[in-house]
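Chemist: I need the structure of the sequence given here:
(2 chains)
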Amino acid sequence: MSASLSIREIDKIYQRRGRMPVHAVRALSMDVEPGEIVGLLGSSGCGKTSTLRMVAGFEDVSAGSITLGGRRIDCLPPAARNVAMAFEGYSLYPPLTVRENIAFALKRGRSSASDISKRVQEVAALVEIESILDRYPNSISGGQQQRASLARALVRDADLYVLDEPMGQLEPQLRAILRGRLKHLLKDRAMTSIFVTHDQTEANALADRIAVMEGGVLQQFADQRNLKETPANLFVATFIGEPPMNVFDASVARTNEQTTFNLDNGPSFSFGNNDLGPEVREAIGNRRKVVIGVRPHRVALGNGSSECARVVSNQWLGDQSHLAIAVAGKLLVAVSHVRIHAAIGETVTYGLRARDLHIFDPETTIALSHGTRAA
Amino acid sequence: MVQIEIHNLYKSFKDNAVLRDLSLSVDKGEIVTVFGPSGTGKTVLLRLLAGIYAPDAGTISLRGQDVAGAPPEQRGIGMAFQNFALFPHMNARDNIASALTARKVGSGEIARKVEAVATLLKIDQVLDHSPRELSNGQKQRTALARALVADPDILLLDDPLRNVDAKLRYEMRLELPALLKRAGSTVLYITQDFKEAMALGDRVAVLLDGQIAQFDAPARIYAEPASIGVAQLFGDPTLNLVEVEPRMVDGTPEMLVGGAPIRLPASYAAASGGSYMLGLRPECLHLIDGNAPGTIPIDLMAVTPLNEKSVLLLTTADGRELLASEAGDREIPRSTGPGRIAVDFDVVLLFDRSSGRRFVPIQNGVGI
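Modeler: Next comes the predicted model:
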């Protein structure tokens, strides 16, 4: 257990007869520490599942290498990799009960019958399938099959746990508890794990670090806090966060004392040199155009704010307010855990603080600065 | 002024009693979200209102008129459904205009109205596209535009954002209330998403087991749910439920939670001696330092960050699992292990264990 995983410059190219090949994963490199939980996050077609299948051994790598616990595994068949898997297409054995399916994973080891039975019971309790242990796979629901498959992977002693949308089909009430239990188990036993999901809520909840993928390319590999506070580019900035960052095209005007961002068809925001800081000013350089962003949770409202805007909507969800105001022909969304009282059509004051400002290059979309630091 | 009045409505399909004695009254210009899990009869209710189904018993009045027997086209209702239902051979513009052509509106007037509603819904760029050239989000908005363009005074929307991707769905959630208010219609809006129900509705009608379980302002339902069933439908994560048996200790009602005594306000005295479920919203549980009285010893098992909150999985001394959530601009790094939590009660939610109804605290002899 507790092996490290190292992925080096892997590519996946699907050759299709008579058609253009598909380059599903491009020069992907990432290192997973022993005992670390890593989530591969992206929309469909981003390359995350191809990556997972290459790690598990269901797909060959077109180029590059995969090393697990110091062993090169990309040339080994799946069974020889000592990787435990729970994913689609790796289904439960229909002739075996759920209990036998889970226990089967342990039979190759040298566990005693009573030890096997105890471990099956424990993992079944963890994913709430105790009541269906003696049922056959085709007589249980899709969600239960998924959890049985998860249990079958978790019960093993493996170098790596590879999981596909581990909480995908659960009802929300159970999901929050099971996420906590799964994370506790993985951390408690230092089980190195890699999972894919299209759901950032799931990625945030479970992963120590998240690899955000798009177009077969790794966009950023960081913990959830850094993804939000220092997104590498506009894709990550507008993908991560619920709701994601507000972004606006702006032109830059400089004097000796301050820098002004004129939002296209919208207001201007000026920051003194001391506020913005030398790193940010240098990062902007001579650019005349930038994209500026602010996260919904960091929009300053009320007292001391400089700008006015009309409220388009104000929605209280029981534990947070979502306020949308009309800025530069778009909606600027602000979120607060304290209830905001403002009616639709009313005018509110808001502002952007230098420390909450994210600046991106409009051509390359790469981040230039976050707050007062260069990116 | 009441615009939609439903009295004692019953509807069954074979042996399946879908709606059982349902009553609801909606004011003019009000947006009411009808919210409940799937299979509770939301769509059946809408179809009864539209005149697509006839009720087994009960009455429906629209604008003060009983509409029993009136066919859908005579009810003057605008509708949009989750499965778009656009005419495939017409482009988006003609689909939207189809709601007006039957009404003898001049062609210049039609063109103007279609443009205006399309601009509001941000589909003015795709008006010449046929339905198969539109994305799901665009189809949905086209269907919505068709419902809105005729300025119906009553609008029935059946989960219109269901097939829209998450990002657009969020944007639409922000923009729809203003749009609907501008049109001035009385709206019944069906949804399975509690956030949408709270965000869009002036009032939320919670539909459970074929009946309205609660009908109130969203914030009120969240804070003071009428029953366990209602309480569990709201919140992310939803509330924790713990069995408690309040009793009087030194003249004050008190209950044991996770082995620790927690005092209740005096208005809960009447609950002593009963068996209740205590509902604890995750955001009302706070990890604290120290060992103050009225706090509960716990083991922090896991921290699962959730969208600007951290959800904490805790176990109490008696082995019960609780979820707490910490709001915060920056998540506080927490290490797992023993600690204590305080319960911050806005309203103490006690539910009768047999009926599931919320215990209403009594102050000066009056329920509060």
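
Chemist: how close does the closest residue to B:D165 other than its chain neighbours sit to B:I123?
Modeler: Among residues not flanking B:D165 along the chain, B:G137 sits closest, at 6.3 Å (C-beta to C-beta, 6 or more residues apart in numbering or on different chains). Any C-beta I mention is one placed from the backbone N, CA and C, and that applies to glycine too. Using C-beta to C-beta, to the nearest Å, B:G137 is found at 9 Å from B:I123.

Chemist: Check A:I240 too.
Modeler: Counting by C-beta to C-beta, the separation of A:I240 from B:I123 is 28 Å.

Chemist: So B:G137 and B:I123 - more neighbours on which side?
Modeler: Higher neighbour count among B:G137 and B:I123: B:I123, with 23 against 19, using other C-beta atoms under 10 Å in any protein chain shown.

Chemist: pretty sure the more buried one contacts B:A92?
Modeler: Yes: with contact defined as C-beta atoms under 8 Å, B:I123 reaches B:A92; the gap is 6.4 Å.

Chemist: got any residues that touch both of these two?
Modeler: By C-beta atoms under 8 Å, 6 or more residues apart in numbering or on different chains, B:I123 and B:A92 have these common neighbours: B:138, B:142, B:145.

Chemist: Among the residues you listed, name the ones that also lie close to chain A.
Modeler: Applying C-beta under 8 Å from any C-beta of the partner chain, the subset of the shared contacts of B:I123 and B:A92 adjacent to chain A is empty.

Chemist: Buried subset of these, written for PyMOL?
Modeler: In PyMOL syntax, the buried subset of the shared contacts of B:I123 and B:A92 is picked out as below (16 or more other C-beta atoms under 10 Å in any protein chain shown):
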select buried, chain B and resi 138+142+145
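
Chemist: if you look at the shared contacts of B:I123 and B:A92, which of them are in helices?
Modeler: Mapping these onto helices (DSSP state H) picks out B:138, B:142, B:145.

Chemist: which bits of the stretch 101-250 of chain A sit near chain B?
Modeler: So the stretch 101-250 of chain A meets chain B at A:172-173, A:176-177, A:179-181, A:183-184, A:187, A:200-201, A:204-206, A:224-225, A:241-244 (C-beta under 8 Å from any C-beta).

Chemist: give me that answer again for 10 Å
Modeler: Residues of the stretch 101-250 of chain A lying close to chain B by C-beta under 10 Å from any C-beta of the partner chain are A:171-188, A:198-207, A:223-225, A:228-229, A:238-239, A:241-244.

Chemist: I only care about the residues you listed that end up buried; give me the ChimeraX line for that.
Modeler: Of those, the buried ones can be selected in ChimeraX as follows, counting by 16+ other C-beta under 10 Å:
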select /A:173,175,176,177,178,179,180,181,182,183,184,185,186,187,198,200,201,202,203,204,205,206,207,224,228,229,238,239,241,243,244
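
Chemist: So which of the residues of the stretch 101-250 of chain A next to chain B belong to helices?
Modeler: Short answer: these in helices (DSSP H) are A:172-188, A:200-206, A:224-225, A:228-229, A:238-239.

Chemist: Tell me who's in contact with B:E30.
Modeler: B:2-4, B:185-188, B:201-203 (C-beta atoms under 10 Å, 6 or more residues apart in numbering or on different chains).

Chemist: if you set the cut-off to 6 Å instead, what comes out?
Modeler: B:E30 sits next to B:186, B:202 when contact means C-beta atoms under 6 Å, 6 or more residues apart in numbering or on different chains.

Chemist: Please tell me how far it sits from B:G184.
Modeler: In this structure, B:E30 and B:G184 are 11 Å apart, going by C-beta to C-beta.

Chemist: most centrally placed residue in chain B?
Modeler: Chain B has B:A197 as the residue nearest its centroid, 3.1 Å off, counting by C-alpha atoms, centre = their mean.

Chemist: how about the helices of the chain, start to end?
Modeler: Defaulting to chain A. Using DSSP H, the helices of chain A run over residues A:48-56, A:98-107, A:113-126, A:142-154, A:172-188, A:200-206, A:224-229, A:234-239, A:273-276, A:278-284.

Chemist: hmm, I had chain B in mind actually
Modeler: Shown for chain B, the helices assigned by DSSP H span residues B:42-50, B:92-101, B:107-120, B:136-149, B:166-183, B:194-200, B:218-223, B:228-231.

Chemist: and of these, who's closest to A:L317?
Modeler: Among these, the nearest to A:L317 by C-beta to C-beta is helix B:194-200 (5.3 Å).

Chemist: Just give the number of residues close to the closest residue to B:L161 other than its chain neighbours.
Modeler: With C-beta to C-beta, 6+ apart as the criterion, B:L161 has its nearest non-adjacent residue at 4.8 Å, and that residue is B:R169. Counted by other C-beta under 10 Å, the residues lying close to B:R169 total 18.

Chemist: Local confidence estimate at B:R169?
Modeler: We have a pLDDT of 86 for B:R169.

Chemist: Chain A versus that one, what's the distance?
Modeler: Here B:R169 is placed at a distance of 11 Å from chain A (C-beta to the nearest C-beta, to the nearest Å).

Chemist: What is the neighbour count of the spatially closest residue to B:G274 that is not a sequence neighbour?
Modeler: Leaving aside its sequence neighbours, B:G274 sits nearest to B:P246 (C-beta to C-beta, 6+ apart; 6.8 Å). Other residues lying near B:P246 total 24 when counted by other C-beta under 10 Å.

Chemist: so who does B:P246 touch?
Modeler: Applying C-beta under 6 Å, 6+ apart, the residues near B:P246 are B:253, B:255, B:271-272.
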